[in-house]
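*Asks:* Please work out how this folds:
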Amino acid sequence: MEQIRKIYNRVPVHPLLISLYLVLFLWTTNIDEILFFVIFTSLAYSLVFVLSIYLITCLILRNCQQAALITSLIAILALSYGHVYNFILEQEFLSAHIGYYRLLAICLFILIIGVIFIWKYRKSLQAANRILNFTFFVLIAITLGQAALHFLSNPPVNMQSVQTEKMQNDSTQIGLDRDVYYIILDSYSREDILAYFNFDNSAFIHELKELGFVIPECTQSNYSFTAQSMASSLNMNYLTELSIPLNKNWEELVIQDLSPFIKNNLIRKMFEDMGYQTVTFKTVYPYLNIDDADFYYDFEQSVEFYDKLETDNFQYLFANTTILRLLIEADFLPDDQYENNTFPGIIRLAKLLIPKDDLFSERLFKVYEQNQYNFDQLEEIPNIPGSKFVYAHLFSTHQPFVFTADGQVRWPVLENNEGYVSQVIYTNQRILEIVETILEESNVPPVIIIQSDHSYKGSERNKILNAFHLPDGGAENIPPDLTPVNTFRIIFNHYFGGNFDLLPNIAYASSKENTYDVIPKSCVGTTP
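*Replies:* Presented below is the predicted three-dimensional model:
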């Protein structure tokens, strides 16, 4: 024990602890959307970066105490650069006077002052190193403790029995042996909202109608965000009726309250009780994945963890919190704006040496491949024998926008309305091809719902695409203001002998900052 204490007092390990802490901090703040295994690659890069600086400064200064403090200062400035800038963006006064490159100037000034201070007091640095060692040991322990507490306080829960008890009616009679497809196109906006982007979607709507679809003109999602919408629609009820409170913030909701209702949803249970097989697809968010389905399509099933898309996504997220944000943002700045920035030469050099899309090109191509894979597999599902409930949550109309309108890889990506419209155009083409294949290869006319969880336009997030192929008279029950909470109530009633009451069609609008500060919206999107 005494030997450990001596090592602790004499060896300054805080630079490595800082690099470890910042990666863990980013993971824990996004713990609902990021699996633990994805952090290791970013952690390795971070440690290598800090260790390299540490060794170089040790060799130059020949004083590890000084080198450790200088390295820690560099690590804090470089690895938290994006965090600091995000904070500045949230403060109106600061954001008006400080930009990416003025912040860089401030960081360089702090570094110079810090190095001068460390050099001046180089003979009395051991205490400072001990304090930093202790501080970051404690911070890491707290972070890991919070993560452990998060998982221990949110054990996997089988919500099926609870949900079934909440439903007064039960659909147990099997009608025709028909497949049911529930296709979610994430962020797909209603036709009138797409017109805001100077895009006329009437041709796609017309083609769907020609294939037998009914498209209510004034349909909305019940909630404004993915997890809320899917927990509600997959359980045919509003969140308050599922005992999910509306007074929590977003970070507290996904695993604890919403994810069990998505993974073990009532609709899935009812179909499986009737002998149906469940078919699902891996998504970009772990809390949406139903990986214990009979058929679970995972584009990267055989890929090592360090090469998975989730790992690349975390690397991109982590890079945005570091000094690499300068390189990532460089491609978004037009050339004619260089003279208005503090370091125009740095911007040009960043774009020349490491363009943003070269830095993360593999990640973006994986997004493209995953979307294409999901399209292809969805088209093959009619070949699976037996009755099937297919839940396909697709992200082909979700950022990043990697498709051109004809389905080629967009390079570089275009994160604006034009990029979104191109995704919609290609998705329309593939969905029509998929639907035609499903209809042609199904022995019994299937039920097909093509629906979005929310729209792309921020102020109109509840206005969604909602299209229904309900053969043998099912379409007669679709009201013009239908919301997803009633979708499967209608389907179970008409096709499977159910006796569910239809709920009021209410759209609750909210913002990302106040996700559960919900406001009921009428069909046209005005407050009643």
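
*Asks:* Next, the contact list for Gly407, please.
*Replies:* Contacts for Gly407 (C-beta atoms under 8 Å, 6 or more residues apart in numbering) come out as Tyr426, Gln429, Arg430. Quick note: C-beta positions are derived from backbone N, CA and C, even for glycine.

*Asks:* Just give the closest residue to Lys209, not the sequence neighbours.
*Replies:* By the measure of C-beta to C-beta, 6 or more residues apart in numbering, the closest residue to Lys209 outside its immediate chain neighbours is Ile215, 6.8 Å from it.

*Asks:* what's the answer for Gln370, then?
*Replies:* Nearest to Gln370 is Phe299, by C-beta to C-beta, 6+ apart, at 4.5 Å.

*Asks:* Quick check, the residue nearest to Lys209 in contact with Leu470.
*Replies:* No. With contact defined as C-beta atoms under 8 Å, Ile215 and Leu470 do not form a contacting pair (11.8 Å).

*Asks:* Specify which residue of the two has the higher count of neighbours.
*Replies:* Leu470 (22 against 19; other C-beta atoms under 10 Å).

*Asks:* which ones are touching the nearest residue to that one once chain neighbours are set aside?
*Replies:* Computed as C-beta to C-beta, 6+ apart, the closest residue to Leu470 that is not its neighbour in sequence is Val447, at 6.0 Å. Neighbouring residues of Val447 by C-beta under 8 Å, 6+ apart: Arg178, Asp179, Val180, Tyr181, His469, Leu470, Pro471, Gly474, Ile491, Tyr495.

*Asks:* Any stretches of this structure with poor pLDDT?
*Replies:* The model of the chain has pLDDT under 70 over residues 1-10, 92-101, 122-123, 153-176, 245-256, 329-360, 511-528.

*Asks:* picking that back up, and the residue nearest to Leu470, what are its bridge partners?
*Replies:* Counting by DSSP bridges, Val447 forms beta bridges with Val180.

*Asks:* now it: how far from Ile74?
*Replies:* 59 Å (C-beta to C-beta, to the nearest Å).

*Asks:* Then Gly419?
*Replies:* 36 Å.

*Asks:* can you check Pro479 too?
*Replies:* On the measure of C-beta to C-beta, Pro479 and Ile74 end up 62 Å apart.

*Asks:* in the longest helix along the chain, what counts as buried?
*Replies:* Criterion DSSP state H: the longest helix present in the chain is helix 126-152. Buried residues in helix 126-152, counted by 16 or more other C-beta atoms under 10 Å: Ala128, Asn129, Leu132, Asn133, Phe136, Leu139, Ile140, Thr143.

*Asks:* Show the contacting residues for the first one.
*Replies:* This points to Ala128. If you count contacts by C-beta under 8 Å, 6+ apart, then Ala128 has Leu69 around it.

*Asks:* again, 10 Å this time
*Replies:* Pro12, His14, Gln65, Ala68, Leu69, Ser72, Ile118, Tyr121 (C-beta atoms under 10 Å, 6 or more residues apart in numbering).

*Asks:* What's the local residue count around the second one?
*Replies:* The number of residues packed around His14, counting by other C-beta under 10 Å, is 25.

*Asks:* Start at 33, not 1
*Replies:* I'll keep to 33 as the first residue from here, and by that count the last item is His46.

*Asks:* just checking, Asn475 touches Pro414?
*Replies:* Yes. In this structure, Asn475 is within contact of Pro414 by C-beta atoms under 10 Å, at 8.8 Å.

*Asks:* Tell me which helix or strand comes right after the helix or strand hosting Ile102.
*Replies:* Assessed by DSSP states H and E, Ile102 sits inside helix 96-111. Using DSSP H and E, the helix or strand that follows helix 96-111 in sequence is helix 113-122.

*Asks:* by contact count, what packs against that next one?
*Replies:* helix 46-61, helix 124-129, helix 132-152, helix 341-352, helix 357-362 (3 or more C-beta pairs under 10 Å, 6 or more residues apart in numbering; DSSP states H and E).

*Asks:* Relative to Asn352, how far out is Ile63?
*Replies:* 18 Å.

*Asks:* whoops, I mixed them up, Asp324
*Replies:* Distance, Asp324 to Asn352, using C-beta to C-beta: 33 Å.

*Asks:* and what of Glu249?
*Replies:* Distance from Glu249 to Asn352, by C-beta to C-beta: 40 Å.

*Asks:* CA atoms only for stretch 78-98, dumped as CSV, please.
*Replies:* Below are the C-alpha coordinates for stretch 78-98, written out as CSV (Å, rounded to 0.1, in the frame of the first residue of the first chain):
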residue,chain,number,x,y,z
SER,A,78,-7.5,9.9,-27.3
LEU,A,79,-4.9,8.1,-25.2
VAL,A,80,-2.4,7.9,-28.0
PHE,A,81,-2.8,11.6,-28.7
VAL,A,82,-2.2,12.5,-25.0
LEU,A,83,0.6,10.0,-24.5
SER,A,84,2.4,11.2,-27.5
ILE,A,85,2.4,14.8,-26.3
TYR,A,86,3.4,13.6,-22.8
LEU,A,87,6.4,11.7,-24.1
ILE,A,88,7.5,14.5,-26.4
THR,A,89,7.3,17.2,-23.7
CYS,A,90,9.1,14.9,-21.3
LEU,A,91,12.0,14.5,-23.8
ILE,A,92,12.1,18.2,-24.5
LEU,A,93,11.8,19.5,-20.9
ARG,A,94,13.5,16.4,-19.2
ASN,A,95,11.0,17.0,-16.4
CYS,A,96,8.0,14.7,-16.2
GLN,A,97,6.2,16.9,-13.6
GLN,A,98,6.3,19.9,-15.9
